[in-house]
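1. okay, here's the prediction I keep looking at, along with the sequence it came from:
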Amino acid sequence: MDDLCSLFKPQKIEDIIGQPHLTSKDSALYKLIKAKKIPHLLFFGPPGSGKTTMATVIAKEFGSDFYYLDATNLKVDEIRKIISKYKSSLIKPLMFIDEVHRLSKNQQEVLLIPMERNEAIIIGASTENPYFTLTNAIRSRSMLFEFKKIDNDALRELFERVKSRFGFEIESEALEYLIDSSNGDARAMLNLLQYALVIDNRKITLKNLKSLRSVSLKDGVSLKDRHYDLISAFIKSVRGSDIDAALYYLASMIDSGENPEFIARRLVILSSEDIGNANPNALNLSVSAMEAVKNIGFPEAKIILSQVTIYLCSSPKSNSSYKAINRALDYVKKHKNLEIPSYLKSSSFCKEYLYPHDFGGFVEQKYINKDLKFYESLGIGFEKTLNEWIEKIKGKK
């Protein structure tokens, strides 16, 4: 029996199954490949979803030399040797780095120059979200594409290709088990199918399949594989003030070995983004928790994380600060710089500047040469008090 993974490996993008959002003619990736102009790419998604296959298809479309590199044992000199080999060539090599999230910071930095100079096409693949595992510098030089777990209909389509070629029979229960137990992993399905055909190339039975794979792959999925799904669900539960849901996801992350400092950092961000001045103490508590977790670590850090999670869930929510800075940044990016009034500049003392403390703490004065409005208070929690303060301050003669 030939190796089914090799035998049924897609040769062009149209042959890739289970990723219509990437392979349809309307998709951005499809158009980039057909135009033969692609940036450096980062593919992330579950095992067996087609990340490596997509990279090899791109190499064929471009006529590029393909180099498969495994980040778990990759040496920096290996990258440099490949790049130097093509210094005087018009052809760019395609370097595919599997498990790219395992690259050290030093290894990631070595990639920056060839990426910047376009000396090679760099494609990284990961089962983890690059937003959490790779540096900003690598991400800013790449386009990110997510691969989904292949659905059962797509796996069944692939199975039919194999069956029509080899003409074997299969029990209905065996077919269901073959598909379901592969848990969206095409490679796993083909491997199981291949060795089942070695046992009996005429008929595949449920008994033979279970003798090769006694449990479904989904039964062995590590919570670490759900890293970014868990932290997303956790943050959204805190934002939604659901204490018990948030504690469930927190416990799941702790049980899976998640870094406690990572969880604490996300809570610090949430305390400003989703609570803000509705409860200013949320940020104080979160920062204190982050420092405490850093110094204490697990197992005791779980108590600190639990305390701050419950506090943030119970706090009034407002994203007015988050929206205000986004509006201001959007304005700055889209408009030319406004002239700063001369009496506000640091270069020289100007008598025109009115020192508020000389006027009891507030005096009417123009601070910018245009009427702008970025901040809109929601009046939630302590924000209401701040509104009253600013009204009293400005109403003071």
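-> Perfect, thanks for sending it. Note that the structure is a prediction, hence the values are computed from the model and not measured. Numbering: from 1, shown residues only.

2. so where do the strands sit in the stretch 101-250 of the chain?
-> 121-126, 142-146, 169-170, 203-204 (DSSP state E, counting those that start in this stretch).

3. out of those strands, the one nearest Ser27 is which?
-> strand 142-146 (9.2 Å; Cβ to Cβ). Where C-beta positions appear, they are placed from N, C-alpha and C, glycine not excepted.

4. tell me the buried residues in the closest one?
-> Neighbour-count burial for strand 142-146 flags 142, 145 (criterion: 16 or more other Cβ atoms under 10 Å).

5. that one pairs with which strands, and in what direction?
-> strand 40-44 (parallel) (DSSP bridges).

6. so can I have JSON lines of the strands of the stretch 101-250 of the chain showing mean pLDDT and distance to Tyr355?
-> As requested, the strands of the stretch 101-250 of the chain are exported to JSON lines (pLDDT from 0 to 100; distance: least, Cβ to Cβ, whole Å):
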{"stretch": "strand 121-126", "mean pLDDT": "92", "distance to Tyr355": "55"}
{"stretch": "strand 142-146", "mean pLDDT": "92", "distance to Tyr355": "50"}
{"stretch": "strand 169-170", "mean pLDDT": "94", "distance to Tyr355": "86"}
{"stretch": "strand 203-204", "mean pLDDT": "92", "distance to Tyr355": "86"}
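
7. so which of these gets nearest Ala292?
-> strand 121-126 (31.2 Å).

8. so which elements touch the closest one?
-> strand 40-44, helix 51-62, strand 94-98, helix 105-116 (3 or more Cβ pairs under 8 Å, 6 or more residues apart in numbering; DSSP states H and E).

9. adding distance to Glu376 and mean pLDDT, write the ones you listed out as JSON lines.
-> Output for the helices and strands packed on strand 121-126, formatted as JSON lines (distance: least, Cβ to Cβ, whole Å; pLDDT from 0 to 100):
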{"stretch": "strand 40-44", "distance to Glu376": "36", "mean pLDDT": "92"}
{"stretch": "helix 51-62", "distance to Glu376": "43", "mean pLDDT": "91"}
{"stretch": "strand 94-98", "distance to Glu376": "45", "mean pLDDT": "92"}
{"stretch": "helix 105-116", "distance to Glu376": "40", "mean pLDDT": "85"}
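
10. which one of the ones you listed lies closest to Glu14?
-> Proximity to Glu14 (Cβ to Cβ) singles out helix 51-62 among the helices and strands packed on strand 121-126, at 9.4 Å.

11. just the buried residues of the closest one, please?
-> If you call a residue buried by 16+ other Cβ under 10 Å, then helix 51-62 has these buried ones: 51-59, 62.

12. repeat that for stretch 31-43.
-> 32-33, 38, 40-43.

13. circling back: could the helices and strands packed on strand 121-126 go into a markdown table alongside distance to Arg165?
-> Formatted as a markdown table, those follow (distance: least, Cβ to Cβ, whole Å):
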| stretch | distance to Arg165 |
| --- | --- |
| strand 40-44 | 28 |
| helix 51-62 | 18 |
| strand 94-98 | 28 |
| helix 105-116 | 40 |
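
14. quick one: which of those is nearest Leu22?
-> Using Cβ to Cβ, the helices and strands packed on strand 121-126 put helix 51-62 closest to Leu22, at 7.2 Å.

15. that closest one - contacts with which helices or strands?
-> Here helix 51-62 touches helix 28-34, strand 40-44, strand 66-70, strand 94-98, strand 121-126, going by 3+ Cβ pairs under 8 Å, 6+ apart.

16. okay, the last one in CSV with CA atoms only?
-> The one in question is strand 121-126. C-alpha atoms of strand 121-126 as CSV (Å, rounded to 0.1, in the frame of the first residue of the first chain):
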residue,chain,number,x,y,z
ILE,A,121,9.4,33.9,1.0
ILE,A,122,8.9,33.0,4.6
ILE,A,123,5.8,30.9,5.6
GLY,A,124,5.4,30.0,9.2
ALA,A,125,2.9,27.4,10.5
SER,A,126,1.6,27.0,14.1
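
17. can we start the residue count at 655 from this point?
-> Right, with 655 as the first residue, what we last looked at is strand 775-780.

18. what comes into contact with the lowest-mean-pLDDT helix or strand in the chain?
-> Scoring the helices and strands of the chain by mean pLDDT, DSSP states H and E places helix 784-787 at the bottom, with a mean of 74. Helix 784-787 has contacts (Cβ atoms under 8 Å, 6 or more residues apart in numbering) with 696, 698, 754-755, 778, 780, 792-793, 796, 798, 881-882, 885, 916.

19. rewinding a little: now the two most distant members of the buried residues of stretch 685-697.
-> Ile687 and Leu696 (15.5 Å).
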